[in-house]
Every structure is written in structure tokens, then in C-alpha cells.
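K.L.:
Coordinates only, no sequence provided:
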């Protein structure tokens, strides 16, 4: 069962949805709540919506809830994208990629006219970096990228597939995830650029200057952060 914070954040974002929109649908537990609410609203109000998912997980969940799917090939510009986050600071800088979908999330979220973040209020921090930064890498470049991250002051760790899979986690794109612990990220934009310059890096889970608004829910209600 979803937490009260996740539910309230998802409900707040649902108010941004209107008939005829093309939506980017993120990945994660809070977005799963949003998808369920969106499917219910589409049925009740007979809305004409098209959804572009950011992962197999969100695509399957969207179909289960009766939502119509499409791609960026058919709809390169989206009206709205709704996605979760692993950490967010007051300036709307994000760390994403806990669900290993950061590459497609960044492509989809950046293709929207308006990108809205939904999360439990516990994800709000004064400065991002406590959550290890996910970096998607080409498998054969893993060692090179990990060495480069270590030189930058990070502590890289190859993400494994968990209890039910031997070896590294493999993303929807067929790549590996390196989780880099920096403890505290002073300049997210500079770090994003520095890591992306390393050959073999596919994408970095720093989302800087992309989000327009965030709905952060908890037992007291919803806190709204907006880009100044």
C-alpha cells in the first residue's frame, strides 16, 4: 500500500493532466501510484490521452491501467512529464536512477514542455549527494569509468542484479549501472558534465535545470517547489 506522502503527491500532479495531452510517464513507486490514479481518471472521464513510458515497468503498468502508449518518434514534444526522484534539493536539482531507468527518463522528461516531480517529502534534502549517484555505462567501459569516478572523488560500485540474478544489473538499454557515492555534491551541473565527458558513460543521474515543479507529499499535505 502506498504511503500517504506518495499518494498526496500523485494526486497533486494528477490535477495537471487535461484531455488531449501527450504525457511522459516516469518510473518508480510514486509514479506507479500516479499511473493507477491516471488510469482510473481516464476511465471515469473518458479522457483522450497518450502516454510515453520511460521503462518496461511503467509501460506494462500503464497498459494494465488502460492507458494508451506511444513513443517519442511519434510525439517528440510532450505536453507534460511526471516522474519521481531519489533526492531533490530546494533548487529542483535531482538525483534519479534508483530504478535504473535514468537514460530514458532524462530523454523523456527533457522532451516535455512541463516536467513535474512527485515524491514523498523525505526525498527533499538541503544538498543532494547522500544517495549514490547512478551512472549508466557501456559494459566494456565499466572499469575505465569507475577509475575516472574515483579520480573525481567518488566511490564507485557496480550495481548487482540482486538476490535473483547473478552478476551485474542490466538496464533496459543493455548497459550496466555504476553507483557513485560523493556524499555531498557542491556543483551538480559541473559534476554532470565532468562524468558525461568520460568515454563509455551513457548517462548520469543528475537532472539539473529540467524540473519545473515538484509536489512533495507527507502526512501534513503537499509542499510545492517551483522553478524561480
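P.N.:
That came through, no problem. Please read all numbers here as calculations on a predicted model, not as lab measurements.
K.L.:
So which residues make contact with the top helix by length along the chain?
P.N.:
In the chain, assigned by DSSP state H, the helix with the most residues is helix 29-45. Contacts to helix 29-45, defined as C-beta atoms under 8 Å, 6 or more residues apart in numbering, come from residues 2, 6-7, 9-11, 13-14, 17, 19, 23, 25, 47, 49, 58, 61-62, 64-67, 82-84, 118-120. The C-beta positions use only the backbone N, C-alpha and C, and glycine is treated the same way.
K.L.:
mind redoing it with 6 Å?
P.N.:
2, 6-7, 10, 13-14, 49, 61-62, 65-67, 82, 84, 118-119 (C-beta atoms under 6 Å, 6 or more residues apart in numbering).
K.L.:
Can you list the buried residues in that helix?
P.N.:
Using 16 or more other C-beta atoms under 10 Å as the test for burial, helix 29-45 gives 30, 31, 32, 33, 34, 35, 36, 37, 38, 39, 42.
K.L.:
domains for the chain, by residue range?
P.N.:
Structural domains assigned to the chain are 4-124+208-226, 133-204, following automatic domain parsing.
K.L.:
deepest of the ones you listed, which one?
P.N.:
Among the domains of the chain, domain 4-124+208-226 has the highest mean neighbour count (mean count of other C-beta atoms under 10 Å), at a mean of 20.
K.L.:
any chance you could map the strands in the chain?
P.N.:
For the chain, the strands defined by DSSP state E occupy 22-25, 50-53, 80-83, 87-88, 94-95, 115-120, 133-137, 155-158, 176-181, 201-204, 206-207, 213-218, 221-226.
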